[in-house]
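In: Please work out how this folds:
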Amino acid sequence: MAGRKKKPDRSQATARATPEPRATSARSAPPAHQRGPAAADVRQTLAHLAEVERLAQIGSWEWDIVNDVVTWSAELYRMLGVAEELDATFATVLELVHPEDRVRLRETIDRAYHDHGSYMCEHRMVRRSDGAVRSIQSRGEVLCDKHGQPIRIVGTAQDVTERKQVQDALAQYVALIVGSEDAIVTKTLNGTILSWNPGAERLYGYAAEEIEGHPISVLFPPDRHDEWRAVIDRVGRGDHVEHLETVRLRRDGSRVDVSLSISPVKDGQGNVIGATSIARDLSERRRAAEALALSEAQLRGFAARLRSARESERSHIAREIHDELGQALTALKMDLFSLKQSVPEPLRHPLRRKTDQMAGLIDQMVDKVRTLATELRPAVLDSLGLSAAVEWAVRQFAERTGIECTLDLPPQPVRIDSERSTDVFRILQEALTNVVRHARASRVDVHLRATPEELVLEVHDNGRGIRDREIDDPQAFGLVGMRERVLPWGGEVGVGTAPQGGTSVTVCIPLGGGRPGSVG
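Out: Predicted coordinates:
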């Protein structure tokens with residue numbers, strides 16, 4: 001391979017790049033007197049060396065500093081995607097180094113040159129054949145002549161790209177484990193703890209050095225050993241266990257609720273050799289869920305009390321309007337009649353038209369008072385019960401809207417407590433109001449049936465039907481109110497599109513629990 005004949009000075013030598021031997025093209029054939037069995041052994045050794053380099057992904061190189069000639073092994077040419085016809089010099093080698101690493105590599109070689117020592121440097125090189133960036137670990141040693149002047153640098157270059165990728169991935173994996181808030185534990189299939197992250201220390205109270213090597217069973221309450229054996233049998237078959245909610249023991253003996261996800265650990269042949277578990281503390285979540293449930297229960301209780309108070313107030317106002325205002329209007333009408341009769345006959349005729357108009361206005365006011373009192377609290381609900389109130393509400397709805405209605409009532413009157421009767425009646429009113437507002441229906445079917453166990457109210461219309469987004473709309477306060485009315489009783493409200501079209505509302509309220517109710 002051609003090289004420069006001009007001897008470079010030392011500063012020029014340190015400004016060029018690291019060489020690498022060209023195994024075949026840079027070495028001349030042995031002289032004739034050396035050919036024979038010994039030459040064959042040399043060739044065999046070189047071939048063996050080349051094979052070893054290929055398997056280890058290690059190339060060798062040599063830089064003749066005086067002549068600025070670099071020779072590479074065949075493996076190094078292959079690793080860097082360079083044709084073996086390349087006349088390599090320090091500068092041509094440096095061109096292959098990643099631009100961000102060139103200065104660092106040049107400075108590393110410069111120090112080794114001046115110190116007459118060796119170096120090791122990990123850097124990136126850009127493979128010429130496909131432009132791929134490879135991580136290379138270079139090692140070199142400076143060789144001097146008898147006067148102590150550097151004349152050659154020899155060394156190796158190993159492709160460590162895959163190893164570095166594994167190391168980077170492992171570093172990220174370790175960082176995730178160490179930084180995780182969850183408890184991550186690795187153990188053998190017989191339960192011996194192999195690794196224990198800081199999250200496990202915080203959750204269970206054991207330091208890694210005092211728990212690693214001990215059985216995982218120290219974390220199990222006495223009643224959970226069978227559960228663990230069933231889990232580890234599944235993992236041993238290669239299964240994954242997800243989100244198992246269970247209980248574990250802390251170092252101080254206290255119990256902690258956890259959610260476990262357990263995965264098998266396999267060797268290179270795919271055999272399960274252990275398990276990794278990730279445990280998440282459920283204590284805070286459960287406390288939050290309990291607090292939320294308590295808050296919801298309190299809000300529902302408060303809402304129920306408000307509804308009860310409102311119904312009581314409506315009943316009171318309805319009675320006051322009916323009794324006081326109704327009686328006053330009746331008395332006024334009677335006084336008007338007496339006044340008309342007491343007027344002398346000659347004067348009675350001119351006043352008759354006026355008194356008749358006044359009597360008509362009083363009758364209208366009496367009707368409005370009765371209507372208002374009924375809308376506030378139908379007297380029929382308190383006096384005759386739920387069945388009669390449902391019949392009255394459906395008849396009033398049909399008369400007011402002109403929509404055809406059919407009613408199916410049980411043969412015997414439904415007798416339940418006042419609170420449940422009121423809730424069912426108000427749900428019926430809301431369902432009929434929604435028919436007018438949204439359904440565009442021409443027919444409504446109402447069914448009321450009762451057993452000793454439950455009361456069921458069904459309202460079907462033949463309108464446009466309700467959409468899913470309307471059912472789930474949190475702003476649909478009418479539907480929300482229906483559901484809230486039955487929750488204290490453990491009941492349910494179902495709203496959806498009926499199979500035959502239109503909207504169907506189904507209310508189910510148990511009669512066996514809560515405050516007593518009966519059918520008779």
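
In: what's the following helix or strand after the helix or strand harbouring residue 55?
Out: Assigned by DSSP states H and E, residue 55 belongs to helix 37-56. Using DSSP H and E, the helix or strand that follows helix 37-56 in sequence is strand 58-64.

In: any idea how far the helix or strand that that following strand is followed by is from the chain center?
Out: Next along the chain after strand 58-64, taking DSSP H and E as the criterion, comes strand 69-72. Here strand 69-72 shows a centroid-to-chain-centroid distance of 58 Å under the convention Cα atoms, centre = their mean, to the nearest Å.

In: For the most centrally placed residue in the chain, which non-adjacent residue is spatially closest?
Out: Ranked by distance to the mean C-alpha position of the chain (Cα atoms, centre = their mean), the top residue is residue 243 at 12.9 Å. Distances taken as Cβ to Cβ, 6 or more residues apart in numbering place residue 259 nearest to residue 243, at 5.3 Å, with adjacent residues excluded. All C-beta spots, glycine's among them, are computed from the backbone N, C-alpha and C.

In: do residue 96 as well
Out: In space, residue 96 is closest to residue 125, 5.1 Å off (Cβ to Cβ, 6+ apart).

In: Is my assumption valid that the one you found occupies a position in a strand?
Out: Yes: assigned with DSSP: H, G, I helix; E, B strand; the rest coil, residue 125 falls within a strand.

In: Compute the number of surrounding residues for it.
Out: Look at residue 125: counted by other Cβ atoms under 10 Å, it has 24 neighbours.

In: Please apply the same query to residue 118.
Out: Using other Cβ under 10 Å, residue 118 is surrounded by 13 other residues.

In: Please state the offset of stretch 441-453 from the chain centre?
Out: Taking the mean of its C-alpha atoms, stretch 441-453 sits 41 Å from the chain's own mean (Cα atoms, centre = their mean).

In: same question, stretch 107-120
Out: 55 Å.

In: Just the buried residues of that stretch, please?
Out: For stretch 107-120, burial by neighbour count (16 or more other Cβ atoms under 10 Å) applies to 108, 109, 112, 113, 119.

In: repeat for stretch 185-200
Out: Buried, per 16+ other Cβ under 10 Å, within stretch 185-200: 185, 186, 187, 191, 193, 196, 197, 198, 199, 200.

In: so residue 362 sits right up against residue 336, yeah?
Out: Yes: Residue 362 lies in contact with residue 336 (Cβ atoms under 8 Å); the separation is 7.1 Å.

In: List the contacts of residue 232.
Out: Contacts of residue 232 were listed using Cβ atoms under 8 Å, 6 or more residues apart in numbering, and they are 189, 191, 275.

In: neighbours around residue 445, how many?
Out: 18.

In: That one belongs to a strand?
Out: Yes: secondary structure of residue 445 (three-state DSSP): part of a strand.

In: isn't it right up against residue 403?
Out: No: taking contacts as Cβ under 8 Å, residue 445 lies outside contact range of residue 403: 11.0 Å.

In: measure residue 482 to residue 494 for me?
Out: 10 Å (Cβ to Cβ, to the nearest Å).

In: mind listing what the closest residue to residue 408 other than its chain neighbours touches?
Out: Among residues not flanking residue 408 along the chain, residue 447 sits closest, at 4.4 Å (Cβ to Cβ, 6+ apart). When contacts are counted by Cβ under 8 Å, 6+ apart, residue 447 touches 408, 456, 457, 458, 459, 460.

In: Bridged to residue 447, which residues?
Out: Residue 447 has these beta-bridge partners by DSSP bridges: residue 408, residue 458.

In: Give the rounded mean pLDDT of stretch 341-350.
Out: For stretch 341-350, mean pLDDT is 71.

In: still on that earlier bit, so among the contacts of residue 447, which ones count as buried?
Out: 457, 458, 459, 460.

In: show me the contacts for the second one.
Out: The one in question is residue 458. Listed by Cβ under 8 Å, 6+ apart, the contact set of residue 458 reads 445, 446, 447, 448, 504, 505, 506, 507.

In: Kindly report the same for the third one.
Out: With contacts defined as Cβ under 8 Å, 6+ apart, the neighbours of residue 459 are 428, 431, 432, 435, 444, 445, 446, 447, 504, 505.

In: pLDDT score for it?
Out: pLDDT, residue 459: 93.

In: which pair in the contacts of residue 459 spans the largest distance?
Out: Maximum pairwise distance among the contacts of residue 459 (Cβ to Cβ): 14.8 Å, between 435 and 447.

In: So for stretch 396-407, mean pLDDT?
Out: 91.

In: Can you tell me what sits against it?
Out: Applying Cβ under 8 Å, 6+ apart, the set of residues contacting stretch 396-407 is 390-391, 394-395, 432, 435-436, 441-446, 448.

In: could you redo the residues you listed as JSON lines and give each row distance to residue 293?
Out: Formatted as JSON lines, these follow (distance: Cβ to Cβ, whole Å):
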{"residue": "390", "distance to residue 293": "34"}
{"residue": "391", "distance to residue 293": "39"}
{"residue": "394", "distance to residue 293": "38"}
{"residue": "395", "distance to residue 293": "42"}
{"residue": "432", "distance to residue 293": "33"}
{"residue": "435", "distance to residue 293": "35"}
{"residue": "436", "distance to residue 293": "37"}
{"residue": "441", "distance to residue 293": "39"}
{"residue": "442", "distance to residue 293": "44"}
{"residue": "443", "distance to residue 293": "42"}
{"residue": "444", "distance to residue 293": "37"}
{"residue": "445", "distance to residue 293": "37"}
{"residue": "446", "distance to residue 293": "35"}
{"residue": "448", "distance to residue 293": "33"}
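
In: which parts of whichever strand or helix holds residue 177 are buried?
Out: Residue 177 belongs to helix 161-179 when assigned by DSSP H and E. Using 16+ other Cβ under 10 Å as the test for burial, helix 161-179 gives 161, 164, 177.

In: Against which helices or strands is the following helix or strand past that helix packed?
Out: Next helix or strand after helix 161-179 toward the C-terminus (DSSP H and E): strand 183-188. On a contact count with 3 or more Cβ pairs under 8 Å, 6 or more residues apart in numbering; DSSP states H and E, strand 183-188 meets strand 193-196, helix 198-204, strand 272-281.

In: What sits closest to residue 217 if chain neighbours are left out?
Out: Residue 217's closest residue in space is residue 191 (Cβ to Cβ, 6+ apart), at 5.9 Å.

In: What does the one you found show for phi and psi?
Out: Phi and psi for residue 191, reported as degrees, to the nearest 10, are phi 100, psi 10.

In: which residues touch it?
Out: Residue 191 neighbours (Cβ under 8 Å, 6+ apart): 215, 216, 217, 228, 232.

In: Give me the distance between it and residue 182.
Out: 20 Å.

In: what do you get for residue 138?
Out: According to Cβ to Cβ, residue 138 and residue 182 sit 41 Å apart.

In: Would you mind telling me which of those two has the busier surroundings?
Out: Between residue 138 and residue 182, counted using other Cβ under 10 Å, the more crowded position is residue 138 (22 against 19).

In: if we can go back for a sec, tell me the buried residues within the contacts of stretch 396-407.
Out: Buried among the contacts of stretch 396-407 (16+ other Cβ under 10 Å): 390, 391, 394, 432, 435, 441, 444, 445, 446, 448.

In: What I need now is those written out in TSV, including distance to residue 356 for each item.
Out: Formatted as TSV, the buried ones among the contacts of stretch 396-407 follow (distance: Cβ to Cβ, whole Å):
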residue	distance to residue 356
390	40
391	36
394	37
432	38
435	41
441	43
444	41
445	45
446	42
448	45
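
In: And these, which is closest to residue 416?
Out: Looking across these and measuring by Cβ to Cβ, the closest to residue 416 is residue 448, at 11.4 Å.

In: Quickly note the distance from residue 85 to residue 440.
Out: Distance from residue 85 to residue 440, by Cβ to Cβ: 87 Å.

In: More neighbours: which of those two?
Out: residue 440 (12 against 9).

In: Helix, strand, or coil at the closest residue to the more buried one other than its chain neighbours?
Out: Nearest residue to residue 440, sequence neighbours excluded (Cβ to Cβ, 6+ apart): residue 463, at 5.0 Å. Using three-state DSSP, the structure places residue 463 in coil.
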